[in-house]
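Q: Sequence and predicted structure below; questions after.
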Amino acid sequence: MEMARVIVDVPSKGTNRPFDYLIPESMRDWIEVGSRVGVPFGHRTVQGFVVSLHDKPEMDISKMKPIQELLDLVPPLPPDLVELASWMSEKYACHEMTALQAMIPSALKGKAERYVSVSEESDLDEEEESDLLLIPKTREEEQWERIIVGFIRQNGPVRMEQLSSRYPEQAGIIKSLIRRGVLQETQNIRDKVQKKTLKTVILNVSENETEQVLQSFSAKARRQKEVLQFLLEMNFPMTLKEVMSVLQVTAGTVKALEEKGYVKIEEVEVFRDPYKGRKFKPTSPLPLTKEQQTVFDSITRGLNTLNYGAYLLHGVTGSGKTEIYLQTIERCLSLGRQAIVMVPEISLTPQMVERFKGRFGSRVAVLHSRLSGGERYDEWRKIREGKVQVAIGARSAVFAPFTNLGLIIMDEEHETSYKQEESPKYHARDVAIKRAHQHGAVVILGSATPSLESYYAARSQSNSEFAPILLEMHSRALGSNLPEVHIIDMRNELRDGNRSMFSRKLHQGIAARLERGEQMVLLLNRRGYSTFVMCRTCGYVASCPECDISLTYHQKSNNMRCHYCGYAAPAPAICPDCGSEHIRYFGTGTQRVEEELAKLFPGIRVIRMDVDTTTEKGSHERLLNQFREKKADVLLGTQMVAKGLDFPDVTLVGVITADSALNLPDFRAAEKTFQLLTQVAGRAGRHHLPGEVFIQSYTPDHYSIIHASRHDYSNFVREELKHRMALSYPPYCRLILVTFSHEKLPLVVRMAENFSTELQAKARKLGWYGGLDRLTSAALEVLGPVASPIPRIKNRYRFQCMIKCRGDIDAVELTKQVASEIENSVHDAHFQISIDVDPQMLM
Ligand SMILES: Nc1ncnc2c1ncn2[C@@H]1O[C@H](COP(=O)(O)OP(=O)(O)OP(=O)(O)O)[C@@H](O)[C@H]1O
Ligand SMILES: [Zn+2]
Ligand SMILES: [Zn+2]
C-alpha cells in the first residue's frame, strides 16, 4: 500500500476527518492500520493514527505529503480499536482523535520537538560564494557559521533548545543559515515516557570457556573472578546494580571484564511493576453453590459458542459474584482468549486486585489512574504484547488492547462512574457491548442493584444490540441471611426530645456492638451537599467569583476552593457582607458525627473516610486495612464506605440521613438512593454473624427507602418504572444534553434558542417531532433552553437544551448537524456547544 489515511491530532472542527499521506518506500512494510505516525500538517509536525491503507490514487498525488516518521514498530492500536473509535465518534458526537487518544496511555501522547540538522544537498562553500554577493559578512560571522555547521554535522540532529543555549549570541547567524537552506529544521514527536531500561551484565563467552577463563585468573583479579563465577552460577542476566550490590564490587570491576571481552553490559528493557514485592496468596476455585453453579453454566454455554452474548447478573449483596467472575475468566483463558474486568475506580483496592492476582498471578495487568504514567504504560504494554491475558481496571480498561477478547466483566454495573464526564463522553457499558460484538465475546454486567436501563433491556428484550439475559442469585454464598433493616422516623425522635443525630435505637445498637467487640459501618449520605461557608446572621454563602457555585470548604488547609475552576481563598473569620462573627463552616459533616460519637461513647475507635482524609495517595487503602485489622470499631464515611467491602465482623450498618439526596433535581434520585441504601446495608452480617441495619430518615415512607429496607429490588423497579413512563424518562426514551457557553450571556441565550427552534423544525420535517406522551414509534422533544444548573463556570455563561427521543431515529446525527450550523453562524472561537449523549450528571 502506498498511501495512508491519517486522523491528526489537531483539535478543531475542520480536522475531524482523515487526511491522506504518502507512505515512503522505507516504511511500506511497517505501517499498518493503528500505527502512530508523525505527519506534516501546515507548518507543524503532528501526531496521527493511520486508520486505513490504500493504493496510490491515479491523480493528484503531487499535493500529498509523505509520512514523516513512524513512532512505534508495533502499532499501539489493533484494528478493532481503530474501528471502535470511529463508532464512538458517531455515537457520542466527539472527535475521532479524542476517542483514539482515550485508548492509549498518556505516555504515548507525544509532543513535537524541534531539531536542526545540516541539509543533505547543502555545501557551505558554494552557498557562501553566491551568498557573499547578497549579504555582506564579517570574517567573524563566517567563522561562526563554520563552527556551528561543524558542530551539527558531528552530533547529528540537535535539539533547537540545545543549540540556542550553546550559542546564545548567534541566533541571527543560525536563523540566516536556516533561511539559506544550509541548516534545516525538522520536528520529531517525542513520547512523554520512555521505556525503562537497566544496564544488564551478560556472559559473553560459553560456559566451558568461562570455566577455563576462571582458572587463568591471577590472585590479583580476585574481584573479577568472583563476578564471573557469580554470573556462571546464576546462569541468568543480572543487572549491573544487582551484581555490584550482591558482591560489593565497583562498576570498574565489571567494566574491566567487559574490556577483556568476557561479559557484555547492555541496556535491557524492563517493565515497571506497581505490585512488585507484594506477595499474592494463591487461591484455587471454590466449589460453587447451587445458585452460582446455575449461573456459571449459563455463562459458560455462551462462552463456548465464541459468539456475542450478554448477561445481567443480578445477585444480592454477598451472593458471590466475584467467584463467578473468577471461574468464567478461567474458562475464557482455557479457550485461548483474553478477559477484561472493570470495577469502579473507588473499588479498585489492593484487596480487589489481590482476588484476581491470587487466582491468575502474573497473567494479570492492572490499569488505574493512581499508577504513575510509566507504570501505567508498562501494564498497558504487557497487554499489547500479549504477555498477560487478564486486564483489571476502571472505566478505561474497556480499551485494553487485547486481540482475541473472550470476556468483558463489568462489576457494579449501575455505578455512574462508568460514564466519562469529559470528552469522549462515553459510557463503558455501551463500549463493552460494542467491543464484545466485534470479538464475538461475552459481557457480564454484575450488580446487586442493576441500573434500570440494563434491567429493562433484559426484561423487555427489545434492544436487539444489547439484550442481556437476566441471571439472578437470591441468597448469600456463605448461607447468611440478608440483614434485618429498621427504618427510623427522625421526626419522632425530635418530637420526643432527642436532638442528637443518633436515634435511640441506633444508639442502643452501637452500644451493644461495642460491648460485644463487633464492628460497624456508619454512612453519612451527603450527595448533593457540598461543604460550604455560611454566615448565620445574614445568610451569606461564600461563592466563586467566576462560577456561580458555592466554594467548597477544606478543613485541612482551612481554605475554600472552587470545584470547577480551582479558585482558592482562605476561609473568612468574619462575614464579608455584614461583619458578623457567626461564620459557620459546614464541613463534610463526618467530622461532626465523629465528635458526637466520641462524646456519647468515650473511648470508641473511629476511622473517618471522606474527601479530607483520603486525598493522599494510598490513604484510602491504609484506612481500610486498619479497619480490617480491627484497629477500629467504626468505619465512618461518605459514599466510599458503601461499596464492595467484605468485612466479616461488621454486624451493624447505620445510615445517618437517608434522604438528603432524594430532593435533588435529578430523575435518578430515587434510583440512586435505593442503590446506595441496598449496597451499604449489604455490608452487614456477610459471614457467620447476623447483621442489623438502621436507616434514619425524615421521609420514611418514600418507596425507595421502604423497598431498600425489604431488600426488594423488583418491587422498587416496578414502582420506579411507572414514574419513568409517566414522565418519559429513560429507559422509555433516550436523552441528549446540549450545553451552550460563552462569556456573553445574550449570545448564549440567543444561540440556544436558535438551536432549539432549528432542531424542532428539522425534526418536524422528518416527521419525528411530537410529544413523547403520544405513543408514536419515533418521536423527539426539545426541552429548554434553560440556564444550566450551574449557570456560570470560569466566567462563561451556560444554557442548555435537553432532547428526549425515542424510536429508530438518529437524533445524535441531527443534533450534531444543527449544532454545527449554529456554531458556524457565530464566528467566535470562544463560543462552545457541548453534546452529552445519555448524560448521567444532570446537575
Ligand atoms: N462458592 C463459595 N464458597 C464459599 N465461599 C464463597 C463462595 N462464593 C463466594 N464466597 C464468599 O462469599 C463472600 C461474598 O462474596 P462476594 O464478595 O463475591 O459477593 P458479591 O456478590 O460480590 O457481593 P457485593 O455485591 O456485596 O460486593 C466472600 O467472602 C466470598 O469469599
Ligand atoms: Zn453575614
Ligand atoms: Zn470557579
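A: Thanks, I have it. Ligands and ions are numbered 1, 2, ... in the order given.

Q: Quick one: residues contacting T699.
A: T699 is in contact with 659, 662, 705, counting by C-beta atoms under 8 Å, 6 or more residues apart in numbering. Backbone N, C-alpha and C define where each C-beta goes, glycine included.

Q: The same query, at a cut-off of 7 Å, please.
A: Counting by C-beta atoms under 7 Å, 6 or more residues apart in numbering, T699 touches 659, 662.

Q: Pull up the gap between it and N498, please.
A: Separation of T699 from N498 (C-beta to C-beta, to the nearest Å): 18 Å.

Q: Tell me the buried residues in the top strand by length along the chain?
A: Using DSSP state E, we find that the single longest strand of the chain is strand 779-793. For strand 779-793, burial by neighbour count (16 or more other C-beta atoms under 10 Å) applies to 779-782, 784-785, 787-788, 791-793.

Q: And the helices in the stretch 551-700 of the chain, which stretches?
A: Ranges of helices within the stretch 551-700 of the chain are 590-600, 619-628, 669-681, based on DSSP state H, counting those that start in this stretch.

Q: What is the longest one packed up against?
A: Spelled out, that is helix 669-681. strand 650-655, helix 703-709, helix 713-727 (3 or more C-beta pairs under 7 Å, 6 or more residues apart in numbering; DSSP states H and E).

Q: Could you identify which of these is most buried?
A: strand 650-655 (a mean of 26; mean count of other C-beta atoms under 10 Å).

Q: and it, which strands flank it?
A: In the sheet, strand 650-655 lines up against strand 519-523 (parallel), strand 692-697 (parallel) (DSSP bridges).

Q: anything in it near ligand 1?
A: No. Using C-beta under 6 Å from any ligand atom, strand 650-655 stays clear of ligand 1, coming no nearer than 11.6 Å.

Q: CA atoms of that strand as CSV?
A: This file holds the C-alpha atoms of strand 650-655, laid out as CSV (Å, rounded to 0.1, in the frame of the first residue of the first chain):
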residue,chain,number,x,y,z
VAL,A,650,-19.4,-5.9,60.6
THR,A,651,-22.7,-6.6,62.2
LEU,A,652,-24.2,-3.1,62.2
VAL,A,653,-24.7,-0.6,59.5
GLY,A,654,-26.2,2.8,60.3
VAL,A,655,-27.3,5.5,57.8
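
Q: Ligand 3: which of the buried residues of strand 779-793 is nearest?
A: I793 (6.7 Å; C-beta to the ion).

Q: re the thing from before, out of the helices of the stretch 551-700 of the chain, which is closest to ligand 3?
A: Nearest of these to ligand 3, taken as C-beta to the ion: helix 590-600 at 24.5 Å.

Q: Now do the buried residues in that closest one.
A: 590-591, 593-594, 597.

Q: go on, stretch 734-748?
A: For stretch 734-748, by 16+ other C-beta under 10 Å, it's 734-742, 747-748.

Q: Of the residues you listed, which belong to strands?
A: 734-742.

Q: relative to strand 779-793, how tilted is the helix or strand that comes right after the longest strand of the chain?
A: Sequence order places strand 796-806 as the next helix or strand after strand 779-793, per DSSP states H and E. Between strand 796-806 and strand 779-793, the angle comes out at 160 degrees (axes from the mean of the first three to the mean of the last three C-alpha atoms, to 10 degrees).

Q: buried ones in the helix or strand following strand 796-806?
A: Scanning forward in sequence from strand 796-806 by DSSP H and E, the next helix or strand is helix 811-826. Buried residues in helix 811-826, counted by 16+ other C-beta under 10 Å: 811-812, 814-816, 818-819, 822-823, 826.

Q: any chance of those residues in TSV, with pLDDT and distance to ligand 1 too?
A: Formatted as TSV, these follow (pLDDT from 0 to 100; distance: C-beta to the nearest ligand atom, whole Å):
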residue	pLDDT	distance to ligand 1
A811	91	35
V812	93	33
L814	94	40
T815	95	37
K816	93	38
V818	95	43
A819	94	40
I822	94	45
E823	90	45
V826	90	49
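
Q: For F647, state which of those is nearest.
A: Taking C-beta to C-beta as the measure, F647 lies nearest V812 of the buried residues of helix 811-826, at 44.0 Å.
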